[in-house]
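Visitor: sequence first, then the predicted structure:
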Amino acid sequence: MADKIRVLLSEEEVNARISQVAAQISKDYEGKAIHLICILKGGVFFTCELAKRLSIPVSLDFMSVSSYGDDTKSSGVVRIVKDLDEPLAGLNVLIVEDIIDSGRTLSYLMEVLKQRGPASIRLCTLLDKPERRVKKQVKVDYTCFQIPDEFVVGYGLDYAQKYRNLPYIGVVEI
Ligand code: IMP
Ligand code: MG
């Protein structure tokens, strides 16, 4: 049977907010180029929508890490499944994530990527669930939306690999 999905953030709301954040990033990085690191798979829709709206020069790379299975709970274990294609030395790196939950994935990734000598490294997320944070040291530079502690899907986010293609953010009603 199909799951029932309640809309939390409509496509219009999400797109409007991404435009605002993209404008802010373009302003903050004026005169510089930016290197976006998309965290697969969840970050892919957000990365595309963000990148299209940036007015500064953009390059892209992709990384895949695993901290979740088909479960809704973090295992606390982070593994690099696919590493970046390009080195980061001298680049202004912006990590693009779908959601920061416990912060375990990002606290680990930030440490790994800082070792590779980028000129700067910042973090941008579509969604943030601050109530769920375990790794308090994770500093998010750009957040589109803070949301309550609910499991969300759509706009790249999945539940057991389903619903990534929804053009809005929704909550699966159990
Ligand atoms: P963290 O390491 O706990 O911050 O987990 C981050 C990752 O968990 C995200 O990149 C997502 O892949 C996944 N995740 C956390 N919360 C949700 C959710 O509400 N829906 C779908 N995926 C989620
Ligand atoms: Mg993710």
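Guide: Now that the structure is in, tell me what you want to look at. Residues are numbered from 1 along each chain as shown. Ligands and ions are numbered 1, 2, ... in the order given.
Visitor: wasn't residue 126 part of a strand?
Guide: Yes: under DSSP: H, G, I helix; E, B strand; the rest coil, residue 126 sits within a strand.
Visitor: how about the contacts made by it?
Guide: Residues counted as contacts of residue 126 (C-beta atoms under 8 Å, 6 or more residues apart in numbering) are 14, 18, 43, 46, 97, 98, 99, 144, 145, 155, 156. For the C-beta atoms, the positions are set from N, CA and C on the backbone; glycine is no exception.
Visitor: make a markdown table out of those residues and add distance to residue 170, secondary structure and neighbour count.
Guide: Listed next are the contacts of residue 126 as a markdown table, based on distance: C-beta to C-beta, whole Å; DSSP: H, G, I helix; E, B strand; the rest coil; neighbours: other C-beta atoms under 10 Å:
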| residue | distance to residue 170 | secondary structure | neighbour count |
| --- | --- | --- | --- |
| 14 | 11 | helix | 23 |
| 18 | 17 | helix | 20 |
| 43 | 18 | coil | 26 |
| 46 | 15 | helix | 26 |
| 97 | 19 | strand | 24 |
| 98 | 14 | strand | 26 |
| 99 | 13 | strand | 23 |
| 144 | 16 | strand | 24 |
| 145 | 13 | strand | 19 |
| 155 | 9 | coil | 28 |
| 156 | 12 | coil | 27 |
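Visitor: if we check ligand 1, which of those residues are in contact?
Guide: Near ligand 1, taking C-beta under 6 Å from any ligand atom as the test, the members of the contacts of residue 126 found are 97, 98, 99.
Visitor: out of the residues you listed, which are close to ligand 2?
Guide: Filtering the ones next to ligand 1 among the contacts of residue 126 for proximity to ligand 2 by C-beta under 5 Å from the ion leaves residue 98.
Visitor: beta partners of residue 82?
Guide: Taking DSSP bridges as the rule, residue 82 bridges to residue 64.
Visitor: next, count neighbours for it.
Guide: The tally of other residues near residue 82 (other C-beta atoms under 10 Å) stands at 11.
Visitor: run through the residues that contact it.
Guide: By C-beta under 8 Å, 6+ apart, the residues touching residue 82 are 40, 62, 63, 64.
Visitor: among those, the buried ones, what's the PyMOL command?
Guide: Here is the PyMOL selection string for the buried members of those, based on 16 or more other C-beta atoms under 10 Å:
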select buried, resi 40+62+63
